[in-house]
Structures are given as structure tokens and as C-alpha cells.
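K.L.:
generate a structure from the sequence data that follows.
(2 chains, ligands or ions: 4)
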2 protein chains.
Amino acid sequence: MLFGAIESGGTKFVCGIGNENGEILERVSFPTTTPDETMGQVIEFFKNKQMDAMGVGSFGPVDPNKDSPTYGYITSTPKTKWRNFNFIGELKKHFDMPIGFDTDVNAAALGETEWGAAKGLDSCVYMTVGTGVGGGAIVEGKMLHGMLHPEMGHILIKRHPEDHFTGNCPYHNDCLEGMAAGPAIEKRWGKKGIELQEVDKVWEIEAYYLAQVVVNLVYTISPKRIILGGGVMKQKQLFPMIRKNVKELLNGYVETKEILVDIDNYIVSPGLGDNAGLCGAIALAKRAYQG
Amino acid sequence: MLFGAIESGGTKFVCGIGNENGEILERVSFPTTTPDETMGQVIEFFKNKQMDAMGVGSFGPVDPNKDSPTYGYITSTPKTKWRNFNFIGELKKHFDMPIGFDTDVNAAALGETEWGAAKGLDSCVYMTVGTGVGGGAIVEGKMLHGMLHPEMGHILIKRHPEDHFTGNCPYHNDCLEGMAAGPAIEKRWGKKGIELQEVDKVWEIEAYYLAQVVVNLVYTISPKRIILGGGVMKQKQLFPMIRKNVKELLNGYVETKEILVDIDNYIVSPGLGDNAGLCGAIALAKRAYQG
Ligand SMILES: Nc1ncnc2c1ncn2[C@@H]1O[C@H](COP(=O)(O)OP(=O)(O)O)[C@@H](O)[C@H]1O
Ligand SMILES: Nc1ncnc2c1ncn2[C@@H]1O[C@H](COP(=O)(O)OP(=O)(O)O)[C@@H](O)[C@H]1O
Ligand SMILES: [Zn+2]
Ligand SMILES: [Zn+2]
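P.N.:
Ligands and ions are numbered 1, 2, ... in the order given. A predicted model of the protein is given here:
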């Protein structure tokens, strides 16, 4: 089986061909400019490729509701050129095959349950902490949708008492993304995260915020595993700090073996590493093919 | 079709017989004392009743995972006499029929999608604000389970700047339940909620906290409707205040018609009123019967 996969991000589109085992056989990438230009390159790449289905994991918000008249659209994104762009409609003009569509992070969560850190589980959250903070979820074996899809980057958090950064989310200032995404770190400390590796306070504050979203996820979605990826999570020292804060915040309230005995396997890095997004799009294609 | 329904709460057990339309034909209640005594009364009530299936919506935490060796147990409850009580095992000794089992609030959410305020939807959250705060969820048509089940009463919230109450959650002090449940109101103001109806500040602070959980739910589970029940929500003036705070907190980030156009139908009272719990147990029985 051969699948066409598109991971469409705010700065670049990654396109590839993969198989039913999540193996990536070919990959290219294009900068995200206008729908005309970028989609032109995407279509050119896939044209004449042998494929059984396609999958698209996209930056959002998107409309993943098959019964909706705007199914397959990127909807209210602040990237104005992509607002109300009929992504699946455009692909369908050129490719007559099943096409799966969801957010990049719901796709990544799906890919992680197929081949990655949540393999074999019917429930997980995948959260990326990078230029933004975003998360997707698998619940009872399916990608989570409802009114919309998860947008967990913007949850409310308590401020660290020593943190006087105002936050830089254009909507909310000091929501999770506004306090903990890569650009927030850079703005708060005047240097990129990667240059701050040795400054303990940076990661203490970062872990304080990320632990809060983990705890709120435990109380709401109750995922079987929480996968934290994205550029900022390359700072591996964050993991033990987050786990410690999570235990302190839960304070014995949730007595599951995942938390009490095995938290090192509960809050983890992506099993698919930097391929989580593209593999997720392959998983979307596979699911679309299976119907 | 006739269903036996049990709503097991921390202070009382409500038992009843209902039909496939969620109509309650008979109802009794017993105080929650010891498993021996209370379950004796429950079994006595249902003995020789005509029933096709039973449903149990229980206080928790419970183990709703059918593959687990402790499926059907109440697990780590602070009510020590009920800790590790094999609820379904006990019923199965006396009643040879399908028995559905879940948390009281997951059951209530299910009942609301069958016959109540979320009728016809495949997604909602039901939250009760009473002696405690608890919530259940339907996602993609199913009750939400993962590592455990939702425990949304304990999510982290930001303090209202004028609120100096320390909070009374025994685990977390100032989590949502510690700040916003009925007993928190009573402790903060020295009077029961019902006697404080005319004191605007009480409800301003209450709505400030409840709006935060709504917003975090929108960002995580993204339910198609949020139902707020329980004793405290009898203060109907809370609804418009919560809706207003939710809109302010989201600040345009989630551009769905539910939020922008129709928030009065997004954050609502239970359609089943005080029967949400018992009807939920009937719905559990119906689902168990259908297999
Ligand atoms: N090793 C690192 N340590 C700390 N921060 C990093 C590291 N690598 C990247 N980042 C930060 O992560 C952000 C980029 O996130 P990334 O996940 O790589 O891309 P994107 O979110 O745009 O897809 C930037 O703000 C960058 O400073
Ligand atoms: N009309 C009311 N206004 C404000 N608070 C109320 C009202 N009725 C009950 N409460 C409060 O709600 C709590 C009881 O919640 P309830 O949902 O009735 O029971 P439980 O949660 O025990 O099942 C008490 O703390 C009580 O003070
Ligand atoms: Zn934000
Ligand atoms: Zn608590």
C-alpha cells in the first residue's frame, strides 16, 4: 500500500510517500506562501505518483466534520491568505482517491498510536511545544472532535510566582502558549531556548507551566499516555521536572499505576521523533483507505 | 423494555425502574452507609422486579474498563468503607442480566444525549456543581474513558483577584472544587449559597471560576454542548454571567457558531433536571442491553 502524506504547517508544507507500516519512502518540503503557489507545488509533487489514498494533517483551525458544508477547509486561521481555504476540495480536483483530513496534532496523535510512543493504545494526547503550542487526542480509538477539535495550546494557567513576563499570545497574553511556547521563552529571557540550556530557572518555569496542562488533561481527557514533542521539548531535562510537578499538583488524587508507579512511561517524547507529523498524515491516509 | 437504574452517591443511593424512553416508573432512595447495609436494601428493592438490564452510575473513582481485573469496582474513594468495593460483582450475584457501569456524571452525560439537553448530539459534557464538582463527557458518541475517566472537578484555576478564601479541597486547596463547590461558597461567606442569592459578589466570583473550566473544556474535549447541573446551578443568574466570562476569556479565539452566535444554547441547564443521574443510569442499562 502507498500513501501520499501532507503535513501542512504555518512555515512549511512537508509532503511524502509512505507505506502501511508508517515508513517514509520519499519526502520534500515547500515554504508556506499562498494557497495558489504552495498547493501548485504540492500537486506537482504528487502528480503521477502511485498512491492508494492521501492524508492531510494541517495547521488549523480546520473543519474535520464530514457532514459540514465546509468539511476539509482551513477555517478561521490568522494566516489570512489561507482563511476558508478548501484544502480537500482542491486536492480532490486532482486526486481521485480517499483523502483523510485532520489537524496536524490529531494526525500526530494517531500516528503515535499506530507506530510510535502510544502504539497499541486507544487513547493518548500528542502536544507540540514549538513556535506555538498545540495538541491532539485519540479517545476510544478515534481522533477527538466535538464542536471543533482540541486547541489545548490556549488553556488557562496559573503564573509562576517569580515570572513577570506579560505573555505573548495575541488573543490571551498569558495563556499556555503565550507563556511557554518557544517565542515566549525567547521574549522573556532575550535569547532562544537552545542558548539557555544551562539556565535552570528557564526550565523550572517552563516545567511549571507544562505540568499544569498535563494535570488538566488528566482531569479532562484522561489520556492513557501524554506525548510531548516540538522544538522546546528537545530540552530533555524538562521531562523529569514536568513529571515531578505533575505528581505534586495531583497530590495523590489520581491513584492510577500510570501516575503512581510508571510516570516515566506516561509523559514521554514522541516515538516517531520529528516524523510524528508526516507519519500522522500517513496514518490518516491509511484510515481513509480502510474507510 | 424495563431497566433497573442505580444512581449511587456519597450521601444516598437512588434506585428506580425506567423504560427505553427514559421514563422513570418507580423510585426509592437509601442512605449511603456501609456496602453491606446499603447494597442489601438495593438488592431487596430490585429482587423479583421485571427487568431486561441494569445500569449503575456511581460516585468514583470507579474502574469502567471491561478488560481490567477490577472492572466494576469503586476504587480509590476517600469513603473508606467503599474502597475497592466490587459493585458489579455484587449485583451479578443476584441479577443475571447485562449491567452497564460508569461514573454518575458520565452516565448523566449519556442520559442527556439520549433524552435531555444534548439530545441528538454525539458530544457533550455534563458537570455538576454541588457538594463536589464532577464532570462526565460523551465524545464521538461514547462515554469518555482513558487512563481513568474525567475528574474535571479538580482542574487548576486562576484565583479571582478579590478572593482570599484558601479553598477547601482536601487534596489541592484551591482547585475548582475547592473554590466553587457548594461547601466552598458556604465556608467563604459563612452562609449557604441559597441564602446568598442577593449578594452579587458571590455569583461574580462563582461565575469567574466556572467560566474557566468551561474554557478549558472548549480547548481540550471541545464538547458540542456543556450542561451545568447540581445544587449551586439552581442559581440561574450564573448562566448569563458564565457565558459572558467565557466569551471574554476566549476573546475571539474559537470562532464557532456555538460560541459566537448561540452561546445561550451552548452552556445550559440539564434537560432532565434533577433526574439527570437516574435517567443516566437508565441510559447505561439501555446501552448494556443493546450490547
Ligand atoms: N533544542 C531546542 N531547545 C530549546 N528550544 C528549541 C530547540 N529547538 C527549537 N526550539 C524552539 O522551538 C521553536 C520551534 O519549534 P519547532 O517545533 O521546531 O517548529 P514549529 O513549531 O514551527 O513546527 C522555536 O521557538 C525554537 O526557539
Ligand atoms: N438553590 C441553591 N442555591 C445555591 N446553592 C445550593 C442550592 N441548592 C443546593 N445548593 C448547594 O449545593 C450543594 C448540594 O448539591 P446537590 O447537587 O444538591 O447535592 P450533591 O452534590 O450532594 O448530589 C450544597 O452545598 C448546597 O448548599
Ligand atoms: Zn492564547
Ligand atoms: Zn481538588
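K.L.:
going forward, measure contacts and count neighbours with C-alpha atoms only.
P.N.:
Fine.
K.L.:
residue farthest from the centroid of chain A?
P.N.:
For chain A, the largest distance from the centre (C-alpha atoms, centre = their mean) belongs to residue A:48, which lies 29.7 Å off.
K.L.:
distance of that one from residue A:38?
P.N.:
Going from residue A:48 to residue A:38 by C-alpha to C-alpha, to the nearest Å gives 18 Å.
K.L.:
buried residues of stretch A:115-134, list them for me.
P.N.:
The neighbour-count check on stretch A:115-134 (16 or more other C-alpha atoms under 10 Å in any protein chain shown) flags A:115-118, A:121-134 as buried.
K.L.:
which stretches of chain A form helices?
P.N.:
With DSSP state H, the ranges of helices along chain A come out as A:35-46, A:87-94, A:104-115, A:176-180, A:182-189, A:200-219, A:238-250, A:257-260, A:276-290.
K.L.:
quick one, which of those helices gets closest to residue B:73.
P.N.:
Taking C-alpha to C-alpha, helix A:257-260 is the member of those nearest to residue B:73, at 15.8 Å.
K.L.:
domain map for chain A?
P.N.:
Following automatic domain parsing, one gets these domains for chain A: A:2-103+A:278-290, A:117-268.
K.L.:
which residue does chain A have closest to ligand 4?
P.N.:
In chain A, the residue that lies nearest ligand 4 is residue A:253 (7.6 Å; C-alpha to the ion).
K.L.:
quick one: contacts for that residue?
P.N.:
By C-alpha atoms under 8 Å, 6 or more residues apart in numbering or on different chains, the contact list for residue A:253 reads residue B:171.
K.L.:
same deal with residue A:145?
P.N.:
A:64-65, B:139-140, B:221-223.
K.L.:
please apply the same query to residue A:265.
P.N.:
Residue A:265 touches A:225, A:258, counting by C-alpha under 8 Å, 6+ apart.
K.L.:
circling back: in a markdown table, list the helices of chain A along with mean pLDDT.
P.N.:
Compiled in a markdown table, the helices of chain A are given as follows (pLDDT from 0 to 100):
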| stretch | mean pLDDT |
| --- | --- |
| helix A:35-46 | 98 |
| helix A:87-94 | 98 |
| helix A:104-115 | 98 |
| helix A:176-180 | 98 |
| helix A:182-189 | 98 |
| helix A:200-219 | 98 |
| helix A:238-250 | 98 |
| helix A:257-260 | 96 |
| helix A:276-290 | 97 |
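K.L.:
between those, which one is closest to residue A:73.
P.N.:
Per C-alpha to C-alpha, nearest to residue A:73 of those: helix A:87-94, 5.3 Å.
K.L.:
hang on, the earlier thing: from the buried residues of stretch A:115-134, which land in strands?
P.N.:
A:124-129, A:133-134 (DSSP state E).
K.L.:
surely residue A:17 meets residue A:28?
P.N.:
No. Using C-alpha atoms under 8 Å, residue A:17 makes no contact with residue A:28, being 9.5 Å away.
K.L.:
neighbour count for the two, which is higher?
P.N.:
residue A:17 (25 against 12; other C-alpha atoms under 10 Å in any protein chain shown).
K.L.:
ok, the nearest residue to that one once chain neighbours are set aside to ligand 2 distance?
P.N.:
Once flanking residues are discounted, residue A:17 sits nearest to residue A:4: 4.7 Å by C-alpha to C-alpha, 6 or more residues apart in numbering or on different chains. When distance is defined by C-alpha to the nearest ligand atom, to the nearest Å, residue A:4 is 52 Å away from ligand 2.
K.L.:
and residue A:4, how many residues sit next to it?
P.N.:
The burial count for residue A:4: 29, using other C-alpha under 10 Å.
K.L.:
just residue A:136 next, same as before
P.N.:
When neighbours are counted by other C-alpha under 10 Å, residue A:136 registers 29.
K.L.:
pLDDT at residue A:138, what is it?
P.N.:
pLDDT recorded at residue A:138 is 98.
K.L.:
ok, which residues in the stretch 151-291 of chain A are in contact with ligand 1?
P.N.:
Within reach of ligand 1 by C-alpha under 6 Å from any ligand atom, the stretch 151-291 of chain A has these residues: A:182-183, A:192-194, A:230-232, A:234-235.
K.L.:
quick one: buried ones out of those residues?
P.N.:
A:182-183, A:192-193, A:230-232, A:234.
K.L.:
so which of the residues you listed sit within strands?
P.N.:
Using DSSP E to define strands, no part of these is located there.
K.L.:
center of chain A, which residue is that?
P.N.:
Taking C-alpha atoms, centre = their mean, chain A has its central residue at residue A:105, 2.7 Å away.
K.L.:
wait, doesn't it sit right on residue A:132?
P.N.:
No. Contact between residue A:105 and residue A:132 fails when scored by C-alpha under 8 Å: they sit 11.7 Å apart.
K.L.:
around ligand 3, pick out the residues from chain A.
P.N.:
A:154, A:169, A:172, A:175 (C-alpha under 5 Å from the ion).
K.L.:
okay, those residues in CSV with neighbour count and distance to residue A:199 next?
P.N.:
Output for these, formatted as CSV (neighbours: other C-alpha atoms under 10 Å in any protein chain shown; distance: C-alpha to C-alpha, whole Å):
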residue, neighbour count, distance to residue A:199
A:154, 29, 26
A:169, 19, 24
A:172, 20, 27
A:175, 23, 23
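K.L.:
could those residues go into a markdown table alongside distance to residue B:164?
P.N.:
Converted to a markdown table, the residues of chain A next to ligand 3 look like this (distance: C-alpha to C-alpha, whole Å):
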| residue | distance to residue B:164 |
| --- | --- |
| A:154 | 26 |
| A:169 | 28 |
| A:172 | 24 |
| A:175 | 23 |
